[in-house]
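Peer 1: below is the structure, and that's it, no one-letter string:
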């Protein structure tokens, strides 16, 4: 059998051992697990999430070892993965890998947790499977390239393969079986951006189905169900159908040396990632010069072209969700509260003070910032004060990026805020969760996290 | 709200009434229902089918009103639709619409039957929903065009929307809700031909998932879950991502006047459709001249280019499945048994007499046949006998096409053979099924067909 990129990638994931993974990567995987857990709780009460949970209750069993985090009911892994994945992508607080523009946590952890609970896997197995899912999914996203992302939601497409890799690792599939699982996952991979035009609910459906379909692919492969061997790079495979700039070399880029999981960013502000660099730079100016909003006459955010494309059209946001794509609103919340979290958006996105600040903000395309993107997301702002000072702020990486990551204390605070916001768990329950997750590598048998 | 093709199509399906459908179309829908039923039973024991059923048992409930035909167990509509759809496409005996190259029965009826059993719908509602599914799915397949079919398995992609339309009609969704269901279905639509290269199991996965995902889309839409309004024709929709020759006019082609369901063909021989015209023409020569195989020195089948592309590479078939793509084997079975059914393939595809006949067969590209394709599949053969005669056979349409369709007696015989072949039902049980299906429009509450 001649080796080819899909096969190399499948073999890597199937053969990955806990002891092969450097300790900092394991620790980061725990960080991402906690961050995903909080993001999932934040989805409780979200209409699209609750509707998917309703469907899961109609069609799935009311018993099983896998927990639906927002309702605490138990069911089979398929439905727990489906609902938890829908929920974790709702608040837009889940992690993101910049280079692949892929949200790995929202598709990998739902599948991994549901299956680990069903199998009674160890914490080490859970972490190993998660790492396999991240490494595979991020490389598939990079492979599919920018042309893919223009039409397809990479988290839905690459995410299906990521979920299959993670679940396949937990099920201890052979490399050959995992290659078959990739085949079944890739031939189910879907997710189109068209829904954005109508602000429709598909984003949660994409993560729900990516996690569930990848899981199904792995289970089937374990029973001998076969799939295309070259589903990623073949002549009638994913790239052939859904990309015009795919690069197969990306699939096997420094496997076992480069840990793509550790490149994954946490979201700190509860807004579109394109607003984060400027938000951090403004926060810097405000803190250093101890400014209140009334002292500020004008803010210029120096941004990359992508930020102007996405945020430019949002002049007067009509909903909380749209406000997260308004640079003026985000900077207004930062100026007012030093924080742009779920709570601030919900209560104040349309507040008169925030709207007034919004009109003081403008974006300008910046050559240096644009050139660095997407490898680096530099934040640059100029603040003109009412007393005529010109103050400059600059951050090399927005908060949450690997070089400016969140501490465990900050991750805990974020998770506490998210759980409190939706009412999905008490602070005491969350502290118990923190304790479990920071020690997850020592757990012999994964059980429920919210009993 | 400005009208657009997706919306027009959704409105047509949501508003379709039993009394709007001409009686011959209703009768043909019953024919297709029976033909689908037999095809589904034929999948019993098929490894990929049984594996999907295993998954359904792992993840789904063991109770519910919807029956899995191959095992007779009951479960929720999602899993009954999934398994029955996998099963109905296994024996390659299910119906096909020539113009869209789409197998509507395999995705529409599994979803319709499962949901009708769950809701206790009437037979008229079941038939109306099936017609809605056929009319929508065939038009979506035609819309996506030839470029789509080169990479994507239309039965998987268009099939997801077809299932959503059919289930949406059964759930009595409003036009607006059904448009949302289209959005959720289209953004899940998937299925790549890459598996063919490895003779992998994805074909059954494609129908299983199309039926199940379409069903999910309709249920979600009934609860207010929204989807893209222009998932088919929008700038980041299905055609934008997966076709280069899509024609939106096809989506609304003569809605309510042209009944695409009635254009759907039945498969008569258990082989690739490209072999059928020549098989029928040879059968004609053999019958008219009362020939036995030993009297035949050579057969030339005059075919369209597509037949040479697909069948040409199969010189010495190694498996039953491959034999169905061997023109020589098919004509050999016809010459020997006057029939190329499941049983003949299974027992004799590699028989010495059949192999000997195979070497007497050649294909030749024919201008007239090629020009008529794909609208008409003309069958033309020349038979050279050992005593030196040159005999010509010709059929204008292969048996099973709308102009040369199967009688109800022939459909019953086909279904009996399929059920007997797999052992899924006895002749007595099948006769009871025939009675129910020919009277389905009079059933007030759809229940189990195989109690």
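Peer 2: Cool, the structure landed. Note that this is a predicted model, so its numbers are computed, not measured. Numbers count the residues shown, from 1 in each chain, chains lettered A, B, ... in the order given.

Peer 1: hey, let's count contacts and neighbours off CA atoms from now on
Peer 2: Will do.

Peer 1: all strands of the stretch 251-400 of chain A, in order?
Peer 2: Assigned by DSSP state E, counting those that start in this stretch, the strands in the stretch 251-400 of chain A fall at A:296-303, A:361-365, A:379-385, A:390-395.

Peer 1: adding mean neighbour count and distance to residue A:22, write the ones you listed out as CSV.
Peer 2: Output for those, formatted as CSV (neighbours: other C-alpha atoms under 10 Å in any protein chain shown; distance: least, C-alpha to C-alpha, whole Å):
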stretch, mean neighbour count, distance to residue A:22
strand A:296-303, 22, 35
strand A:361-365, 16, 39
strand A:379-385, 22, 31
strand A:390-395, 17, 29
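
Peer 1: could I get the ones you listed as CSV with distance to chain B and mean pLDDT?
Peer 2: Formatted as CSV, the strands of the stretch 251-400 of chain A follow (distance: least, C-alpha to the nearest C-alpha, whole Å; pLDDT from 0 to 100):
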stretch, distance to chain B, mean pLDDT
strand A:296-303, 26, 98
strand A:361-365, 26, 97
strand A:379-385, 30, 98
strand A:390-395, 34, 97
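
Peer 1: dump those to CSV, plus distance to residue B:431.
Peer 2: Formatted as CSV, the strands of the stretch 251-400 of chain A follow (distance: least, C-alpha to C-alpha, whole Å):
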stretch, distance to residue B:431
strand A:296-303, 72
strand A:361-365, 74
strand A:379-385, 74
strand A:390-395, 77
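
Peer 1: how's chain A carved up into domains?
Peer 2: Under the assignment automatic domain parsing, the domains of chain A span A:5-267+A:411-442, A:273-399.

Peer 1: in the stretch 101-250 of chain A, which spans are helices?
Peer 2: Assigned by DSSP state H, counting those that start in this stretch, the stretch 101-250 of chain A shows helices spanning A:105-119, A:123-151, A:154-170, A:175-186, A:202-222, A:238-242.

Peer 1: buried residues of the second one, list them for me.
Peer 2: Of the residues in helix A:123-151, A:123-146, A:148-149, A:151 count as buried by neighbour count, 16 or more other C-alpha atoms under 10 Å in any protein chain shown.

Peer 1: picking that back up, ranking the helices of the stretch 101-250 of chain A by burial, who's on top?
Peer 2: Stretch with highest mean neighbour count among the helices of the stretch 101-250 of chain A: helix A:154-170 (a mean of 34; mean count of other C-alpha atoms under 10 Å in any protein chain shown).

Peer 1: list the contacts of the closest residue in space to residue A:85 that isn't next to it in sequence.
Peer 2: With C-alpha to C-alpha, 6 or more residues apart in numbering or on different chains as the criterion, residue A:85 has its nearest non-adjacent residue at 4.7 Å, and that residue is residue A:208. Counting by C-alpha atoms under 8 Å, 6 or more residues apart in numbering or on different chains, residue A:208 touches A:81-86, A:107.

Peer 1: next one: residue A:205
Peer 2: Residues near residue A:205 by C-alpha under 8 Å, 6+ apart: A:52, A:86, B:184.

Peer 1: and the second one, how far from chain B?
Peer 2: When distances are taken as C-alpha to the nearest C-alpha, to the nearest Å, residue A:86 and chain B turn out to be 13 Å apart.

Peer 1: what is the burial count for that residue?
Peer 2: A count of nearby residues for residue A:86, using other C-alpha atoms under 10 Å in any protein chain shown, gives 32.

Peer 1: touching, it and residue A:207? I think so.
Peer 2: Yes. Using C-alpha atoms under 8 Å, residue A:86 is in contact with residue A:207, at 5.6 Å.

Peer 1: what sits in contact with each of these two?
Peer 2: Applying C-alpha under 8 Å, 6+ apart, one finds that residue A:86 and residue A:207 are jointly contacted by residue A:106.

Peer 1: now do stretch A:419-436: everything it contacts.
Peer 2: By C-alpha under 8 Å, 6+ apart, the surrounding residues in contact with stretch A:419-436 are A:34, A:38, A:41-45, A:70-71, A:342-343, A:412, A:415-416, A:449-450.

Peer 1: what's the mean pLDDT across it?
Peer 2: When pLDDT is averaged along stretch A:419-436, the result is 97.

Peer 1: please apply the same query to stretch A:250-257.
Peer 2: Stretch A:250-257 shows a mean pLDDT of 97 in the predicted model.

Peer 1: likewise for stretch A:330-344?
Peer 2: Rounded mean pLDDT across stretch A:330-344 is 95.

Peer 1: got it, and stretch A:55-70?
Peer 2: 98.

Peer 1: wait, residue A:403 sits on residue A:397?
Peer 2: Yes. Using C-alpha under 8 Å, residue A:403 is in contact with residue A:397, at 6.7 Å.

Peer 1: these two: which is more packed in?
Peer 2: residue A:397 (19 against 12).

Peer 1: what sits against the more buried one?
Peer 2: Residue A:397 makes contact with A:277, A:376-379, A:403-404 under the criterion C-alpha under 8 Å, 6+ apart.

Peer 1: quick check: phi and psi on it?
Peer 2: Dihedral pair for residue A:397: phi -140, psi 140, per degrees, to the nearest 10.

Peer 1: next one: it from residue A:110, what distance?
Peer 2: Separation of residue A:397 from residue A:110 (C-alpha to C-alpha, to the nearest Å): 28 Å.

Peer 1: returning to that earlier point: which one of the strands of the stretch 251-400 of chain A lies nearest to residue A:313?
Peer 2: strand A:361-365 (11.7 Å; C-alpha to C-alpha).

Peer 1: relative to strand A:296-303, how tilted is that closest one?
Peer 2: Strand A:361-365 runs at 30 degrees relative to strand A:296-303, counting by axes from the mean of the first three to the mean of the last three C-alpha atoms, to 10 degrees.

Peer 1: where does pLDDT dip in the stretch 1-150 of chain A?
Peer 2: Residue ranges of the stretch 1-150 of chain A with pLDDT under 70: A:1-2.

Peer 1: near chain B, which residues of the stretch 51-200 of chain A? Just list them.
Peer 2: A:51-52, A:55, A:58-61, A:76-79, A:150-152, A:183-184, A:187-200 (C-alpha under 8 Å from any C-alpha of the partner chain).
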